[in-house]
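>>> Pasting a predicted model and its sequence here:
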Amino acid sequence: MNPSRFLRAFATSFILIVLLDGFWHDGLMADFYMQRLAMINPSLMGQPITFTPFIIFIAAINAVTMSYLILTQVDSKKPLRDAAWIGMLLGFTVSGTLNFLNHTLIVRWDIVLALVDTAWGTVTGLITALAIASVCSKRRNKGLLGMMRR
């Protein structure tokens, strides 16, 4: 695997994961998350949850794993389909594991929060995987539209 291609995939996925999570957790669904997380830890009120060290660490691990898995499949005959499945499964697995582990260990962790965040993790994985497949393709017709023409 080409190191520069891997670094490009990692940068793409890490930045996209952080931006998508920021849009979701601290923008579109901020009230939903704040209501539920304030019951667990009132000191979280008003703080952006996307940019906490733990969330950044999880985003980095997810980006490394997704970059590696997508780059090993991007040269197949159906790179977008393969990338979509890998991204959705990885997003579901990572976010579902974190959310349901929290639900098991933290008494006030809401099941609705776990389900919604797991669904969002699945969508984030899908979008990120498609972006990696599009940006880091070895094919001559680079990009999402070039890959769709085949």
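Thanks, I have it. Numbering: from 1, shown residues only.
>>> ranges for the helices of the chain?
3-23, 30-40, 53-73, 79-105, 111-135, 144-148 (DSSP state H).
>>> I'd like these laid out as TSV, including distance to Gln47, mean pLDDT and mean neighbour count.
Where you see a C-beta, it was placed from the backbone N, CA and C, and this is true even at glycine. Listed next are the helices of the chain as TSV, based on distance: least, C-beta to C-beta, whole Å; pLDDT from 0 to 100; neighbours: other C-beta atoms under 10 Å:
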stretch	distance to Gln47	mean pLDDT	mean neighbour count
helix 3-23	13	92	17
helix 30-40	9	83	15
helix 53-73	12	89	17
helix 79-105	17	92	18
helix 111-135	17	94	20
helix 144-148	35	53	13
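>>> want to throw the ones you listed into TSV with distance to Gly46?
As requested, these are exported to TSV (distance: least, C-beta to C-beta, whole Å):
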stretch	distance to Gly46
helix 3-23	15
helix 30-40	8
helix 53-73	16
helix 79-105	21
helix 111-135	18
helix 144-148	38
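>>> how deep is Ile106 tucked in, by neighbour count?
11 (other C-beta atoms under 10 Å).
>>> Run through the residues that contact the nearest residue in space to Tyr68 that is not next to it in sequence.
What sits nearest to Tyr68 in space, not counting adjacent residues and going by C-beta to C-beta, 6 or more residues apart in numbering, is Phe6, at 7.3 Å. Shown in contact with Phe6 (C-beta atoms under 8 Å, 6 or more residues apart in numbering): 67-68, 71.
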